[in-house]
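[1] Output the structure for:
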Amino acid sequence: MIRLLRASLLLLLGAFAGLAGAAVALRGWLAWRGTGHPSDDVVEVMAIFDGAQVETRSSTLRGGRVLAWFGGVTLDLGGATLAPGAELDVRALFGGVRVIVPPGCRVEPERRFILGGLSVSAPAPTDPDAPVLRVRAIGLLGGISIHA
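    Numbering: from 1, shown residues only. From the prediction side, this is the model:
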C-alpha cells in the first residue's frame, strides 16, 4: 500500500513539474486579459499561470466571468453601473481573484470551496433599492476577495 501511495505521489509531482515547465515556456500566451472595451457590458477575464488586471466603466454592467488558474486577477468594477440582474461567475483554482465592486451596491454571494475561501468586505447599503451583484464563487485551493 505504501509503494502505491509513493508511486502516485511521484506521478503527481512529475505531472505538476511538467505542467509548470510548459507554463513557463508559454508564459504570456496563457494569460487572456479580457474582451472588448472597458465600457462593454460583459467582462471576461482569464489568467492561467499569469496575472491580469482589468477595469471596466460600463454604464450597464450585466456581469461576466473570471478565472484564475495558478494565477491572479484583479477586476475593478468600481467605475461601473450595475444593470438589474447583474451576475459574476468567479473561479479560483490554485489562484486568487480580487473584485472591487461599485460603491453602494449589495453583494449576494453563492460560494462553493474546497480548501479555499471567500472574503466579502463590501459594506451593505442601507438603501433597499441599491443595485445587486450576484457572485457565484467557486474555489479549489484558491481565494476570492470582494470589497468596495
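
[2] ok, and the helix or strand in this protein with the lowest average confidence?
    strand 31-32 (a mean of 50; mean pLDDT, DSSP states H and E).

[3] Helix or strand next in line after that one, which one?
    strand 42-48 (DSSP states H and E).

[4] So which elements touch that next one?
    strand 31-32, strand 51-55, strand 61-69, strand 72-76 (3 or more CB pairs under 8 Å, 6 or more residues apart in numbering; DSSP states H and E). (Each C-beta comes from the backbone N, C-alpha and C, glycine too.)

[5] 6 Å - rerun?
    The contact analysis (3 or more CB pairs under 6 Å, 6 or more residues apart in numbering; DSSP states H and E) places strand 42-48 against strand 61-69.

[6] angle of the strand it packs on against strand 51-55?
    170 degrees (axes from the mean of the first three to the mean of the last three CA atoms, to 10 degrees).
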